[in-house]
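Participant: next input, structure requested:
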Amino acid sequence: METNQLLLSSLFLLTVVATWIILYKALKGAKFMWFVALIWIPAQLLVGIKGFYLDTRTMPPHFLLTIGPPLLLIAFITIFKHKYLLENTSLKHLTLLHMVRIAVELVLLGLFLTGEVPKLMTFEGSNPDILSGITAPLVWWGYRKGILGNKALLLWNFACLGLLLNIVIRAILSAPLPFQQFAFDQPNVALLKAPFVLLPAFVVPAVMFAHVAAILKLVDGNVTSVRDLR
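Facilitator: Model (predicted):
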């Protein structure tokens, strides 16, 4: 069991690193990404190690401190930095970032097998999110070759965003929180512990941001900014 946990933790941490690197490229070297790497991620790991999120009796739940701040940041950037997203993001890396979802789904499967998350959070249950990761390089190849246009890439982003929201809602409602609705026999406890707390604290917001930024670029319809093939 300990060996399995070590392997899952190692794979997940490699996924976090890969997510950070691709997002850094997608944002074309934005300086605040170093705050994420040096402050936010280590802080979440430390708090997770201390067991802060395992206290599920408080209201509002401590868990909100994982995903809440990143979602507020995404909302702020979307509303007040709209022009920045159009001009300073790489559509290529915003699309390819979703490949990390393959590794995430494999980790979730492993956590289910070790009793840390319910089956509904895996691709064997009610979570087909792995399709987003599998199709990402294929969709980008088709877009770059001109086989797929802006509308096709836009529809793909909306569809994959829907898959993401599906698993996020299921993960929250299956956690042992006051409003738990699913998986009482095997609740989602892994995401309350280090290092897996970085899934809601960093990886999920990064994936969500990639969709939001790509959608805004595609809706803008400016070929010079949308056809970012670098």
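Participant: what's the neighbour count on residue 30?
Facilitator: If you count neighbours by other CB atoms under 10 Å, residue 30 ends up with 15. Glycine gets a C-beta too; all of them are placed from N, C-alpha and C.
Participant: cool, residue 158 as well?
Facilitator: By other CB under 10 Å, the residues close to residue 158 number 13.
Participant: who's in contact with it?
Facilitator: residue 215 (CB atoms under 8 Å, 6 or more residues apart in numbering).
Participant: let's number from 627 now, not from 1
Facilitator: Got it, the first residue is 627 from now on, which makes the last one we talked about residue 784.
Participant: lowest-pLDDT helix or strand in the protein?
Facilitator: Ranked by mean pLDDT, DSSP states H and E, the weakest helix or strand in the chain is helix 849-852, scoring a mean of 45.
Participant: so which residues of the chain form helices?
Facilitator: 628-652, 658-661, 667-675, 690-706, 708-713, 717-722, 726-739, 756-770, 776-799, 824, 830-846, 849-852 (DSSP state H).
Participant: out of these, which comes closest to residue 818?
Facilitator: Closest of the helices of the chain to residue 818 is helix 667-675, at 7.6 Å (criterion: CB to CB).
Participant: give me the mean pLDDT for that closest one.
Facilitator: For helix 667-675, mean pLDDT is 96.
Participant: now swap in stretch 762-777 and tell me
Facilitator: On average, the pLDDT along stretch 762-777 is 96.
Participant: buried set for it?
Facilitator: Across stretch 762-777, burial judged by 16 or more other CB atoms under 10 Å covers 762, 765-766, 768-769, 774, 776.
Participant: what about it, how long is it end to end?
Facilitator: Stretch 762-777 has an end-to-end distance of 15 Å (CA to CA, to the nearest Å).
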